[in-house]
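Enquirer: coordinates only, no sequence provided:
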């Protein structure tokens, strides 16, 4: 593909998680990033600060270049963070005239052909080999202003709801409570012995369910249950490891 590294802007804001009722990228979003980075306690503050600084700089660059009339290509998948991201970006473009923007969307198909007699299933862009991105770029579609306005308005509605989580249900981006994924996590815990490796549970949840949530979210839900007395630590993770590299014991309440 043509272009250079400076043309690629990333926004790893985890917008499907946490409060979103502030304008732009503010302190509440920074707090969410810090909470997710908290699975590595020794570097949580540093990671959150670096992410926040990077995305703020990227947003300033994106808006500046779009204002000059440069084309924008947005890569997204069917995962909640991506769906939130495109709605959020359209809201950030509000100071500009959406009718004047040159925007192309490249959607990652759930199943893509590979060769003459095979197909491959993708969950997110991180699973796509670099040499295939040019091929997928050819599938990009120019987006009419009416669609961009629709995304912008959807984000405004989600901001008013300001739910703990957002997810995809029947191809719609909706607000859900923080307990939405709990049954899937608890199902994996129920299948374990009285003492179990938390890392194994995290891996099983992510491996069996293509929800688009990460290990940090699952670990933080279990962390809350530990504080509530549902589980007790048997071992502790090493300083350099994520907190879920430990053994837990079920507590009968």
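Expert: Perfect, I can see it now. Since the model is a prediction, treat every value here as computed from it, not as a measurement.

Enquirer: pLDDT weak spots in the stretch 151-253 of the chain?
Expert: 253 (pLDDT under 70).

Enquirer: now the helices for it?
Expert: Secondary structure of the stretch 151-253 of the chain by DSSP state H, counting those that start in this stretch: the helices cover 182-190, 198-208, 215-227.

Enquirer: and the first one, which residues are buried?
Expert: In terms of neighbour count (16 or more other Cβ atoms under 10 Å), helix 182-190 has its buried residues at 185-186, 188-189. Using the backbone N, CA and C atoms, a C-beta is placed for each residue, glycine as well.

Enquirer: now do stretch 130-149
Expert: Using 16+ other Cβ under 10 Å as the test for burial, stretch 130-149 gives 136, 143, 148.

Enquirer: residue 204: which of those residues is nearest?
Expert: The closest of the buried residues of stretch 130-149 to residue 204 turns out to be residue 136 (Cβ to Cβ; 30.1 Å).

Enquirer: just confirm that closest one contacts residue 104, I think it does.
Expert: No. Residue 136 sits out of contact with residue 104 when judged by Cβ atoms under 8 Å, with a separation of 11.7 Å.

Enquirer: what residues does residue 43 make contact with?
Expert: residue 37 (Cβ atoms under 8 Å, 6 or more residues apart in numbering).

Enquirer: if I've got this straight, it is in a helix?
Expert: Yes. Secondary structure of residue 43 (DSSP: H, G, I helix; E, B strand; the rest coil): part of a helix.

Enquirer: what's the spacing between it and residue 92?
Expert: Note on residue 43: its distance to residue 92, by Cβ to Cβ, to the nearest Å, is 28 Å.
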